[in-house]
Structures are given as C-alpha cells and as structure tokens.
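> Sequence and predicted structure are below.
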Amino acid sequence: MVDSQCTRCKALLNHTIVAMVAGQVVRVKCNTCGSEHNHRPAKEPKAATVKGAKAEKEVKAPRTRAAKAPAVSDEAVWEEMIQPLDPDLAVPYSMDGKFKANTLISHPTFGTGVVASCQAGKVEVVFKTGRKLLRSAC
C-alpha cells in the first residue's frame with residue numbers, strides 16, 4: 001500500500017501497488033474508485049527562498065485602464081437602421097427562412113429587427129433590446 005494522487009478522485013488516497021521498476025513504484029490501483037494509473041507521489045512543499053537585495057524591486061503605481069470611446073448602444077444602431085425601412089413590410093421570422101442583410105423582420109418575442117449580417121445557418125439581427133444571433137437557412 002502506498003499513498004498516491006488519484007487521477008479520477010483528484011485526491012491523495014491509499015493505493016495498491018500494481019507494478020514496480022528498479023525498486024520504484026510505477027503503477028498503482030486506487031482502493032477507493034478502482035482506477036489503475038501511473039503512480040503520482042505526494043508533492044513535497046517547496047523550500048522557502050531567501051530574497052536578497054537584488055530581488056527587491058521598485059514599487060510601481062497600480063495599472064489603470066485606458067479610457068475607451070463610449071460605445072454606441074444597440075438601440076441607437078437599431079433606430080438608425082430601421083429609419084429608412086417600412087415596418088409594415090417586415091417579414092415574419094422563421095428558422096427555415098432565408099434573409100439578406102438590411103432586411104426588416106418581425107420576431108414573435110424580440111419584436112421588429114433588422115438583419116445585420118448572414119452567416120452559414122445564422123443571421124445576426126439588431127433589435128431595440130440588443131443584437132441576437134438567430135438560426136436561419138442562409
């Protein structure tokens with residue numbers, strides 16, 4: 001019997017020795033879960049190192065984030081995209097429908113939206129509440 005780090009249990013547990021090479025344990029079987037794996041002995045704590053004068057560094061000021069430009073809200077983008085389009089001509093959304101960019105669609109949950117881009121099997125639609133990636137036959 002030997003203590004080993006079990007790969008399945010993720011804990012240091014009692015194991016039965018299965019194989020030894022040159023007097024060293026190389027393969028063990030966990031007495032808790034029954035898995036067989038290479039022996040992983042308990043890790044020994046690292047010795048504390050003494051820091052000398054070279055290890056001392058100047059204390060730097062904490063990092064600050066660069067100021068970002070204010071992001072344009074999805075609602076503002078939606079209002080700009082929907083302005084030239086007629087809401088009465090909105091196409092009802094369906095998962096098997098084919099949509100092109102700048103097409104006005106009517107979704108039963110999210111409301112009226114404008115198709116921003118088409119990808120394989122998906123369309124990105126800008127709604128008043130935000131952007132959504134929806135399934136389609138594009």
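Now that the structure is in, tell me what you want to look at.
> Using PDB, write out every CA atom in the lowest-mean-pLDDT helix or strand in the chain.
Here the helix or strand of the chain ranked lowest by mean pLDDT, DSSP states H and E is helix 74-82, holding a mean of 79. The C-alpha trace of helix 74-82 is given here as PDB (Å, rounded to 0.1, in the frame of the first residue of the first chain):
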ATOM      1  CA  ASP A  74     -27.700  48.700 -29.800                       C
ATOM      2  CA  GLU A  75     -30.900  50.800 -29.500                       C
ATOM      3  CA  ALA A  76     -29.200  53.700 -31.300                       C
ATOM      4  CA  VAL A  77     -28.000  51.400 -34.100                       C
ATOM      5  CA  TRP A  78     -31.400  49.800 -34.400                       C
ATOM      6  CA  GLU A  79     -33.100  53.200 -34.700                       C
ATOM      7  CA  GLU A  80     -30.600  54.300 -37.400                       C
ATOM      8  CA  MET A  81     -31.100  51.000 -39.300                       C
ATOM      9  CA  ILE A  82     -34.900  51.000 -39.100                       C
END
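> Please determine how far M1 is located from C30.
From M1 across to C30, the span is 11 Å (Cβ to Cβ, to the nearest Å). Backbone N, C-alpha and C define where each C-beta goes, glycine included.
> Now do the shared contacts for these two.
Both M1 and C30 are contacted by H15, under the criterion Cβ atoms under 8 Å, 6 or more residues apart in numbering.
> Which one of the two is surrounded by more residues?
C30 (20 against 9; other Cβ atoms under 10 Å).
> The nearest residue to the more buried one once chain neighbours are set aside: how many residues sit nearby?
What sits nearest to C30 in space, not counting adjacent residues and going by Cβ to Cβ, 6 or more residues apart in numbering, is C6, at 4.6 Å. Close neighbours of C6, defined as other Cβ under 10 Å, add up to 21.
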